[in-house]
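Peer 1: Structure of the sequence below:
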Amino acid sequence: MRKKIAATLAAGALTVTMAAGAVVTGAGTASAGTNGQQIHFVDLYGKTQSIHIEGPNQNGQWTALCVNTPSEHKYVDGWWWKGNITFTHYAFSDCQFQYQSQKVEYVAPYLPNTDYFLTTNR
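Peer 2: Below is the predicted model:
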């Protein structure tokens, strides 16, 4: 009887552990650039203080984000993009006032050897 109870408890613990693992590793994010890319922005002229990024995320939902870019390189971590993405460059922080330039670039769902799509203000 004790062996049967112990086996039942062990099976129950394994089921709970597997369920918890499924919750923690859910399908909400892309991993290793397999379903979208994060952004690496390079300010070639030293004049862009913020960028507005707009387009579909890894789940196909339309997403927009403004990011301040106080240095030459800005990595936009934790946001995954794919498809036609619009990049708008601003001379002021917080994507304020008239923009400097704007372009649309195609971000592939998968890029070999990287999680980042490189874009510039050229």
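Peer 1: List the contacts of Thr63.
Peer 2: Glu54, Gly55, Pro56, Asn57, Trp79, Trp81 (Cβ atoms under 8 Å, 6 or more residues apart in numbering). C-betas here are computed from N, CA, C, even on glycine.
Peer 1: The residue nearest to the last one when sequence neighbours are not counted: neighbour count?
Peer 2: In other words, Trp81. Distance criterion Cβ to Cβ, 6 or more residues apart in numbering; nearest residue to Trp81, sequence neighbours excluded, is Val107 at 5.0 Å. For Val107, the neighbour count with other Cβ atoms under 10 Å is 21.
Peer 1: Please flag which of the contacts of Thr63 sit within helices.
Peer 2: Among the contacts of Thr63, DSSP state H puts none in helices.
Peer 1: looking at the chain, which helix or strand is least sure?
Peer 2: Least confident helix or strand of the chain, by mean pLDDT, DSSP states H and E, is helix 2-24 with a mean of 44.
Peer 1: following that helix, which helix or strand shows up next?
Peer 2: As assigned by DSSP states H and E, the chain's next helix or strand after helix 2-24 is strand 37-42.
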